[in-house]
Structures are given as C-alpha cells and as structure tokens.
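>>> Give me a model of this one.
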Amino acid sequence: MSREVWPGKPWPRGATFDGTGVNFAVFSSVGTRVEVCLYDPANPSKEIERFDLPEVTDNVFHGYVPGLEPGTLYGLRVHGPYNPAQGHRCNPHKLLIDPYAKALYGDVDWRQPVFGYPLGNPQQDLAKDERDSAAGVPKSVVVSDFFDWGNDRRPDIPWRKTVIYEAHVRGLTMRHPGVPEHLRGTYAGLGTPAVIEHLQKLGVTSVELLPVHAFADDSFLNDKKLSNFWGYNTLCYFAPEQYYASRKNPGAAVAEFKAMVRDLHAAGIEVILDVVYNHTCEGNHLGPTLSLKGVDNASYYWLMPEKRHYLDFTGCGNSVNASNPAAARLIVDSLRYWVNEMHVDGFRFDLATVLGRTGEGGFDRNAAMFQIIHQDPVLSRVKLIAEPWDVGLGGYQVGGFPAPWREWNGKYRDALRRYWKGDENLASEMGYRLTGNADLYAEARRKPQASINFVTAHDGFTLHDLVTYSHKHNEANGEHNRDGADDNQSWNCGVEGETDKADVVALRERQKRNLLASLFLSTGVPMIVSGDEMGRTQGGNNNAYCQDNDLSYVDWNLDERRQKLLEFTRRLIHFRHGQPVLQRRRFFKGAHLWDSEHKDLTWFRPDGTEMKAEDWQKPFTRSLAFLLGGDAIPTPDERGQRIYGDALLILLNAHHEPVSYKLPAAAPGQRWELGLYTADDNRAAEPAPANGKFELIGRSLAVFRQVET
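Got it, this is the predicted structure:
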C-alpha cells in the first residue's frame, strides 16, 4: 500500500515535522521530478518506501506526509537533465542528501558508486553512471525542533570586551582528565564543568569552534589512514557533525549540540561557529554527486563560461555561487537556523571573499550576500567575522569588507611575528598594528574592533612551534612535506626543534610571552588558539588538518614550564579585562581629550622624548614605547558616563641587546608601577626605579601602570 502524500507547502525548505507529520520542500530549477526515499533505521542501506513530491511551486517541489515522525531516515532522487557540458548533473540513480537536512546518519562510503559518472570511463564525467549509490550516502534525518532551553540567554559580549578562543570540539576535549572518557571528543565533553572552568579561569568570552557542519572525509585521506580532522569539507549546512555526538542514534547530535550551547551560555561564554559556505565536499567535475551537484548544479556553484568545469576560488575544486538567489537563500537560511534554533552567537566565515564574488567573478564589498546579511533583523545582530581572502584574483581583502563585519587580520599576524624575530623596517607598521589598524579601517569609517588580532590560528604553527621551528615538518601528512605554507615568519631561536639548552629554552619562553603580551595589549579583538596558553606543540607540523590524533589534541598534562605559561596567559587576559584603555572603540588622535593629564596616545624614544616622523623610517628601530592615557577615552560607558582607567606605559624591545628607557613623567600625585615584564613571568608589581630609567633585556616587553603615590 502506497503512503498518502498531501500537496503540502513550498516552505520551509527541507523536512519539517509539525507534530502530526512531515512537510518536504526541495528547490530545483532544472528538476522534472523529485522522489523521497525512506530507509530502515536498523539497516540504513535498505530502502523501505519511495514517493514523489506531488506539487511544484516556484521551482520548489513539495508534499506533506501525515504520520511520519522524527527519526525517519530519508534521501532524495532528482530527475532532470544530465548534461555536464551545459552545467546540469541530475542523476536519479544517485541518492542525494537534502540540502536542508537538520541531521545526517552514516558516512560517505567511497567504495560505493557515489560519482555521477562511471570511474575510468574515457569520457569521464560526460557519461552517466546508472548504478545506485544509496549504500554509500549518509541518510538525511527528520528531527524535531523541540528542546528545553530553560532560561538560556545570549551573553551578548560587546566587541570591545570580547576575547576569542579558537578551538576544535574533539581536539580540546580528547585528553582532558576532567572529561569522562565516554564524553571526550564530543559536544557534551565541551560542555562539561572541567572544560568550562578552564575557559572561565582563562578569561575568554567567546569560543570559536572549527567547523561543526556535517562534513565528509576525503577518499585520498582514507587511503592513507588519515582523516579530515579540521572539517573544512562541508556536506550539509544545517546538520551538526554526528562524529562529535556522544550518542550515535539518528538526530542525537542536534540535542547534544544545543545542550553544549546552553551550558556555555550559562557560564557567560558565547559560541561562534567557523562556517564554510565557500565550497562543498563535492569537488570539481570529477567529484562525487552527494547533494547540491545533483539537485541543481548550475544554481549552487560557480561554473566556467563553458559550464562543464567549475570556477575555483577556494583551491578545493568548486565555489558556492552566493550571487545566485538559490545559493544565497541556502546560506542565509542556514545562518538563521543556527542562530534561531541552535542559539549560536556568531560566525567566522572561511574564505569569506568568495561570498562577495559577483557576476564577473570579482569581489564587491556591496555584493548581494553582504547586503542581505546587513539588512537581516536576525543576522545583523550576531558576531560576523570574515577570513578576508580566497585564492582567486584580487582575493586578499583585509580591510575591504563592509560593516558590520570584523576580519581576521593577517597583516597584524605577520607584523608581530616579523617584529619579534628581529626583522627590520617594521616600526611604522607596528605602530598601526598595536593601536587598532587605523590604516586599514579608519578611512572606511570602521572601528578598531573591525580587526580580529591574532598571532596563531588552527592553520599554521602553534605558538610553541612558532618559536621552535624555522621550517615546517609535515611528513606525517603523507605528502613528502610539500603541503602547508613555506613562509611562516617563524624563528627557532637558534636550534631547530626541541632542545635541552637552557638559554634557548629561556628565550623561547620569553618570545611566547612577548607575542601573547603584544596581542592582549593591542587595540582590537584578540584571539588565541586552544592550547597556546599551555605551550601545545604539533612537532613542527603547520598543516595538521588530517591528524585526528595526539598531534592535534590539547595535552593537559602540564610540566612546570607549561603551567607557568598558562598562569601568565590568565594574568594577561584578566589584566586586559581590567583596563578600559585597552578596550577603546575609536581610533587614537594623539591629543589631549577634555582635561586629560596625558594624550590618548604618545610614542616615545628610549631617551624619553617623543618620536618624530623620521624615527618611524629608521630601518633599525626595534625598540618602541607608547603611553595610553587612561583619562583620555572618548566614548562613554553603557550608562553614558565618562570612562576612567589607568594610564599604561608599554615598552617593547625586539633587539637582541638590552635597551635602557627613560620613563616619561607621571601625572602629579602618581607614580609608575611595573605591572608586567616578560623577562620574568613571576615578577610582582613594583615601583619604577627611582632614577626613572628602566632597562629591558634583549627581546622583552614591559608594562607600567600609573598609580597613586
């Protein structure tokens, strides 16, 4: 007996349970027929039923099935043209994941015929493969949106107070002794008291999670007994990755993810997702047919003018065409879902320049996608962070995104790395980078918080490896050390790799403190990557995307040296939280404001006199000093009151020899007190020397705070 299928509605897209049945809605501008196939939960490769969606409204095929419940496994088959030369790749023999599926069950099995064409055929993708792929394709899952959120409230951390902690769900929790073994590597593990306590003690406000959208492992990695650990290989933009769920029944990842968000919110911590809307795991013309490619290839992907091949701005085989209304809607619907239903607080967009590509393939800061998000009443209010580059022509767009976007600032990262390893001709650039990047953002009337400042991220060396290796060591990736960036601006302090030499070890620890201190004393939004606060190493691997093992996991077994670094980082972050002058919302003017004792920003030479224009051009200027006026903050607090804070004097010496600084005069009734000195991670607060001079040893940083006498 065939199942009764009512006409249903063309919205919302996907499979929606309303309490008594399920509405299916699938967009395809080229499809001629859409079938829904149901599968046995006990044997997901066994099809138990199939029916057509009976109605089509504005290219949306839809139907309603009474009595169908959450937990149902299903897939789609889209009939239509298979004509790769014209950009169309519909093949009903290939089971497709619903682009709007809220959960997936099972993995891609590359041994099954998941390609739309017969492998090894001389015509390659122009021929059509008619073998059924269902056994090799994850099944979409019908889910219920009900969840007891209790009193969940978004922390709504202002940008000026935000400290971002980039983390991997599995990598952060797999070796934590306080996480129960059965919860390690999972959403539930990330929400345990032990992990949350670490985040709170550290002082971070926002956790930025590497991709949690359902993703596929690459077949070439499976062949090498490796896996796509980072997850930048998206399979579905609505479904949370099931690998990170402690329970493996269909749809369990949804509730577990929500519970994690609820627990982090209760601790005052935001959840930001790293999202990959720039490409999918379906690859180029020789890639598999798993979802969008078989639903409506020409609507969802950028195609070359001859239409068979794909424009690739990502280096991953394809690029999602956000200038197409169907693709734009998919992206925006996904974003809204994660905000409204999953309660996340923002997004970091991988290779975000792709979203601003227009009809000719160029980048436009006024592209439709940016305008849609800017005008959206939901999305315009959450944190939006761009990785402002892709691999296409004109793809490097640091400083080029519109408000309200913030940007990963690669220029900041490179400048700090080069400065502390002793490169020349950096004084002027360091001046901009430490004080809010006005050269990048002021002209466009953006604010200092437009810059996400970072020294390290998931992609590249860890902080420890940055000062331990001058060259990458990626042999474990199985690509003969050819993968990963060659230009890392790293310095091994004299010995490549780990060493017992006391002087080298001491210098490396000081360099870590220098980089961290510079980061948290800079104007903008600081971000650190998980484990850097504890000296995590990847053994010199700067591209550990495929290492689901101890190379990527945070090691929580701390020796004395790593424990000291953790305590130093905690002190730094809490120092930042307590200093309003480090949380400025406007650029410096280099002037007195109101009745301030000091200018808002003053730069000094080591002899105590103010820097002149020619000082910034000297190639050997590696020693910098600047004073931030704590009573010269132009913006009021949330209640409209003037903000007062400490005046801070920050001294940096990237030279290998000591430099003696003459401290500027403190305000009447005040004195300078040493609050931080990277040459000694345990040094307590103490008055400045009576003679007003302070000697920084080679490669060190000091902070003085103005206090009452």
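
>>> Tell me the secondary structure at Val207.
Here Val207 is recorded as strand under DSSP: H, G, I helix; E, B strand; the rest coil.

>>> Can you give me every residue that contacts it?
164-165, 167, 190, 199, 264, 269-272 (CB atoms under 8 Å, 6 or more residues apart in numbering). To be clear about C-beta, it is placed using only N, CA and C from the backbone, and glycine gets the same treatment.

>>> And the lowest-mean-pLDDT helix or strand in the chain, what does it pack against?
One helix or strand of the chain scores below all others by mean pLDDT, DSSP states H and E: strand 686-687, with a mean of 84. Here strand 686-687 touches strand 670-677, going by 3 or more CB pairs under 8 Å, 6 or more residues apart in numbering; DSSP states H and E.

>>> same for the strand it packs on, what does it pack against?
Applying 3+ CB pairs under 8 Å, 6+ apart, one finds that strand 670-677 contacts helix 560-577, strand 686-687, strand 700-708.

>>> Could you pull out the strands in the stretch 301-450 of the chain for me?
According to DSSP state E, counting those that start in this stretch, the stretch 301-450 of the chain carries its strands in the segments 346-349, 383-386, 406-408.

>>> any chance of those strands in JSON lines, plus mean pLDDT, mean neighbour count and distance to Tyr232?
As requested, these are exported to JSON lines (pLDDT from 0 to 100; neighbours: other CB atoms under 10 Å; distance: least, CB to CB, whole Å):
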{"stretch": "strand 346-349", "mean pLDDT": "98", "mean neighbour count": "25", "distance to Tyr232": "12"}
{"stretch": "strand 383-386", "mean pLDDT": "98", "mean neighbour count": "24", "distance to Tyr232": "15"}
{"stretch": "strand 406-408", "mean pLDDT": "98", "mean neighbour count": "25", "distance to Tyr232": "15"}
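
>>> Could you dump these into a markdown table and include distance to Arg536?
Conversion of those to a markdown table gives the following (distance: least, CB to CB, whole Å):
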| stretch | distance to Arg536 |
| --- | --- |
| strand 346-349 | 20 |
| strand 383-386 | 23 |
| strand 406-408 | 20 |
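
>>> Any idea which of the ones you listed gets closest to Trp556?
Set against Trp556 and scored by CB to CB, the strands of the stretch 301-450 of the chain come closest in strand 346-349, at 25.0 Å.

>>> Now name the helix or strand holding Ile452.
Assigned by DSSP states H and E, Ile452 belongs to strand 451-454.

>>> Which other helices and strands does that strand contact?
strand 406-408, helix 410-420, strand 525-529.

>>> at 6 Å instead, please
strand 525-529 (3 or more CB pairs under 6 Å, 6 or more residues apart in numbering; DSSP states H and E).

>>> one step back: I'd like the next helix or strand past the strand holding Ile452.
With DSSP H and E setting the assignment, the helix or strand that follows strand 451-454 is helix 463-466.

>>> So what touches that following helix?
By CB atoms under 6 Å, 6 or more residues apart in numbering, the surrounding residues in contact with helix 463-466 are 456, 490, 512, 532, 535, 537-538, 540.

>>> could you dump those to JSON lines with secondary structure, pLDDT and neighbour count?
As requested, the contacts of helix 463-466 are exported to JSON lines (DSSP: H, G, I helix; E, B strand; the rest coil; pLDDT from 0 to 100; neighbours: other CB atoms under 10 Å):
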{"residue": "Thr456", "secondary structure": "coil", "pLDDT": "98", "neighbour count": "24"}
{"residue": "Ser490", "secondary structure": "coil", "pLDDT": "98", "neighbour count": "20"}
{"residue": "Lys512", "secondary structure": "helix", "pLDDT": "98", "neighbour count": "25"}
{"residue": "Asp532", "secondary structure": "helix", "pLDDT": "98", "neighbour count": "26"}
{"residue": "Gly535", "secondary structure": "coil", "pLDDT": "98", "neighbour count": "25"}
{"residue": "Thr537", "secondary structure": "coil", "pLDDT": "98", "neighbour count": "19"}
{"residue": "Gln538", "secondary structure": "coil", "pLDDT": "98", "neighbour count": "22"}
{"residue": "Gly540", "secondary structure": "coil", "pLDDT": "98", "neighbour count": "25"}
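
>>> From these, pick the one nearest Phe115.
The nearest member of the contacts of helix 463-466 to Phe115, counting by CB to CB, is Gln538 at 33.8 Å.

>>> quick one, what contacts the closest one?
Contacts of Gln538 by CB under 6 Å, 6+ apart are 462, 465, 544, 551.

>>> So the last one: helix, strand or coil?
Same thing as Leu551. Classification of Leu551 using three-state DSSP returns coil.

>>> List the pairing partners of the least confident helix or strand of the chain within its sheet, with orientation.
Here strand 686-687 is paired, per DSSP bridges, with strand 670-677 (antiparallel).

>>> now the partner strand, how far from the chain's geometric center?
36 Å (CA atoms, centre = their mean, to the nearest Å).

>>> Okay, angle between it and strand 700-708 too, please.
Strand 670-677 and strand 700-708 are oriented at 150 degrees to each other (axes from the mean of the first three to the mean of the last three CA atoms, to 10 degrees).

>>> Give the buried residues for strand 670-677.
Neighbour-count burial for strand 670-677, counted by 16 or more other CB atoms under 10 Å, picks out 670, 672-677.

>>> Just give me the closest of those residues to Ala255.
Checking those against Ala255 with CB to CB, the nearest one is Leu676 at 44.2 Å.

>>> What's opposite Gly346 in the beta bridge?
Beta bridges link Gly346 to Ile272, Lys383 when assigned by DSSP bridges.

>>> Can you name the residues in contact with stretch 481-489?
414, 417-418, 461, 472, 474-475, 477, 542-543.

>>> what bits of the stretch 551-700 of the chain have low per-residue confidence?
Low-confidence segments of the stretch 551-700 of the chain (pLDDT under 70): 681-684.

>>> need the helices for the chain, in chain order.
169-173, 187-190, 193-202, 219-223, 252-266, 292-300, 325-340, 368-375, 410-420, 427-434, 438-441, 463-466, 502-521, 560-577 (DSSP state H).

>>> closest to Ile97 out of these?
Judged by CB to CB, the one of those that comes nearest to Ile97 is helix 292-300, at 8.9 Å.

>>> Walk me through the domains of this protein.
The chain breaks down into these structural domains: 14-141, 410-525+537-552, 584-708 (assignment by automatic domain parsing).

>>> and the nearest residue to Leu434 once chain neighbours are set aside, how far is that from Asn121?
In space, and not counting its chain neighbours, Leu434 is closest to Ser522: 5.0 Å by CB to CB, 6 or more residues apart in numbering. Distance of Ser522 to Asn121, computed by CB to CB, to the nearest Å: 56 Å.

>>> more crowded one of these two?
Ser522 (24 against 13; other CB atoms under 10 Å).

>>> isn't the more buried one right next to Gly436, touching?
No - checked against CB atoms under 6 Å, the pair Ser522 and Gly436 is beyond contact range at 7.8 Å.

>>> list the contacts for Ala25?
Contact analysis of Ala25 by CB under 6 Å, 6+ apart lists 10, 13, 60, 62.

>>> partner residues bridging it?
Counting by DSSP bridges, Ala25 forms beta bridges with Gly14, His62.

>>> Can I get the helices and strands packed on strand 670-677 in CSV including distance to Ser323 and mean neighbour count?
Shown next, in CSV, are the helices and strands packed on strand 670-677 (distance: least, CB to CB, whole Å; neighbours: other CB atoms under 10 Å):
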stretch, distance to Ser323, mean neighbour count
helix 560-577, 40, 17
strand 686-687, 59, 11
strand 700-708, 46, 21
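
>>> Distance to Ser29 for these - can I get that in JSON lines?
Shown next, in JSON lines, are these (distance: least, CB to CB, whole Å):
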{"stretch": "helix 560-577", "distance to Ser29": "50"}
{"stretch": "strand 686-687", "distance to Ser29": "71"}
{"stretch": "strand 700-708", "distance to Ser29": "58"}
